[in-house]
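Enquirer: Here you go, sequence then predicted model.
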Amino acid sequence: MKLANEFRDVELAKRLIAHIHQTSHRDIKLMEFCGSHTVSILKNGIRQLLPPNIEMLAGPGCPVCVTSTADLDKVINLSRIPGVIITSFGDMIRVPGSRSTLQKEKAQGADVRIVYSVLDALKISRQNPEKKVIFVGIGFETTAPTVAAALIQTEKEKLHNFFVISLHKVCPPIMKTILDLGEIRINGIICPGHVSTIIGGYPYQFIPGNYGIACVISGFEPVDILQTVDMLVNQIENKTYSVEIAYRRVVKPEGNIQALRLMETVFELSDADWRGIGIVSGSGLKIRKRYRHFDAESNFDINPIENNEINGCICGNILRGVATPLDCRLFRTMCTPEQPVGPCMVSAEGSCAAYFQYGVSIE
Ligand code: SF4
């Protein structure tokens with residue numbers, strides 16, 4: 001497929017659906033790791049188009065959702081330091097920490113500003129040399145290279161008032177953790193499209209190699225996803241497990257070498273705290289010693305954190321694929337996009353927000 005309208009071609013979609021329905025496999029569970037895939041699947045009604053023997057589960061691929069309460073408490077504590085400007089993507093400011101949100105802190109006088117990229121944050125630091133500007137770095141391998149490039153640029157400009165709290169995470173270790181937990185039997189994985197543009201396909205090879213699980217890197221349009229499901233079913237039926245790329249117009253097996261180099265220059269792997277899962281070794285990106293002068297955690301006193309989980313919210317279970325938003329007693333009653341209780345309802349990529357908007361009628 002080369003043209004944009006082909007990704008929504010009804011005839012092509014029908015042929016793929018018909019082929020998928022030919023599977024004789026009794027029970028297939030596919031997990032999409034990326035929140036954007038979850039949104040696309042629900043928005044386009046893809047679950048209803050599949051036969052009942054194919055179940056699709058959402059995984060831990062929404063960066064706002066997987067940020068732990070402890071990490072949110074750190075950011076909230078940083079916002080209380082006089083002379084600090086917190087710069088953050090919009091979703092983050094509504095996610096509850098133990099007792100507060102960045103939005104509440106802002107209402108009480110903290111200087112919290114929404115930015116659309118790390119470059120916006122850099123601009124704020126240039127405009128406010130007397131202040132200390134902290135960028136909240138969240139996201140996976142997709143966003144980390146841009147933050148790395150910004151820190152290299154900051155050093156060239158000799159800006160001394162720009163910092164990053166790095167809450168970045170990487171995907172392959174958490175995929176391994178979900179599989180090792182063994183809470184659900186997964187036959188196939190829809191690998192994240194955006195992340196794979198950076199890391200390529202090789203880092204997923206342990207999934208078919210060690211676990212005998214089908215793997216396909218997918219784009220986000222309806223036909224992309226149907227083609228991916230068809231390829232996964234094919235691998236499962238033929239027991240020929242490998243990492244295939246359905247998103248070839250963007251993803252190369254080796255990834256984006258330049259972006260990987262940038263990331264490697266500025267960050268190193270570290271342990272990271274995932275909501276609902278806990279500390280996962282080597283699943284985070286911390287700023288290397290060489291760039292430590294930009295690291296907010298090394299340069300500010302972050303008071304003790306509370307890490308109180310949100311009462312009644314089951315985001316952690318949803319992120320592990322063992323529950324859906326419909327299992328949460330707060331869904332649609334106490335928890336809505338206007339009054340979100342947990343991060344999966346705040347984030348545009350969160351399962352609860354997607355179920356609220358598109359999903360309930362399909363269950
Ligand atoms: Fe948490 Fe709200 Fe989702 Fe329930 S519906 S799991 S409270 S975000």
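Expert: Looks like it arrived, so ask away.
Enquirer: got the phi/psi numbers for whichever residue of the stretch 51-200 of the chain sits closest to the ligand?
Expert: Residue of the stretch 51-200 of the chain nearest the ligand, by C-beta to the nearest ligand atom: residue 65 (8.3 Å). C-beta coordinates here come from the backbone N, C-alpha and C atoms, glycine included. Backbone torsions for residue 65, taken as degrees, to the nearest 10, come to phi -60, psi -40.
Enquirer: Who are the contact partners of residue 351?
Expert: Contact analysis of residue 351 by C-beta atoms under 8 Å, 6 or more residues apart in numbering lists 35, 38, 58, 62, 65, 318, 319, 324, 325, 344.
Enquirer: ok, stretch 17-35 near the ligand or not?
Expert: No: applying C-beta under 6 Å from any ligand atom, one finds stretch 17-35 separated from the ligand by no less than 13.0 Å.
Enquirer: Now do the buried residues in that stretch.
Expert: Neighbour-count burial for stretch 17-35 flags 17, 20, 23, 28, 30, 31, 32, 33, 34, 35 (criterion: 16 or more other C-beta atoms under 10 Å).
Enquirer: One more: stretch 89-104?
Expert: Along stretch 89-104, these residues count as buried under the neighbour rule (16+ other C-beta under 10 Å): 89, 91-97, 100-104.
Enquirer: Could you tell me the end-to-end distance of that stretch?
Expert: Distance across stretch 89-104, first residue to last, is 16 Å (C-alpha to C-alpha, to the nearest Å).
Enquirer: next one: stretch 215-223
Expert: Its first and final residues considered, stretch 215-223 spans 17 Å by C-alpha to C-alpha.
Enquirer: what residues are up against residue 153?
Expert: Counted by C-beta under 8 Å, 6+ apart, residue 153 has contacts residue 122.
Enquirer: Residue 61 contacts residue 37, doesn't it?
Expert: Yes: using C-beta atoms under 8 Å, residue 61 makes contact with residue 37 at a distance of 7.3 Å.
Enquirer: Overlap in contacts, the two.
Expert: Residues touching both residue 61 and residue 37 (C-beta under 8 Å, 6+ apart): residue 192.
Enquirer: Now do the nearest residue to residue 50 once chain neighbours are set aside against residue 208, distance only.
Expert: Leaving aside its sequence neighbours, residue 50 sits nearest to residue 20 (C-beta to C-beta, 6 or more residues apart in numbering; 6.3 Å). In this view, residue 20 and residue 208 are 20 Å apart by C-beta to C-beta, to the nearest Å.
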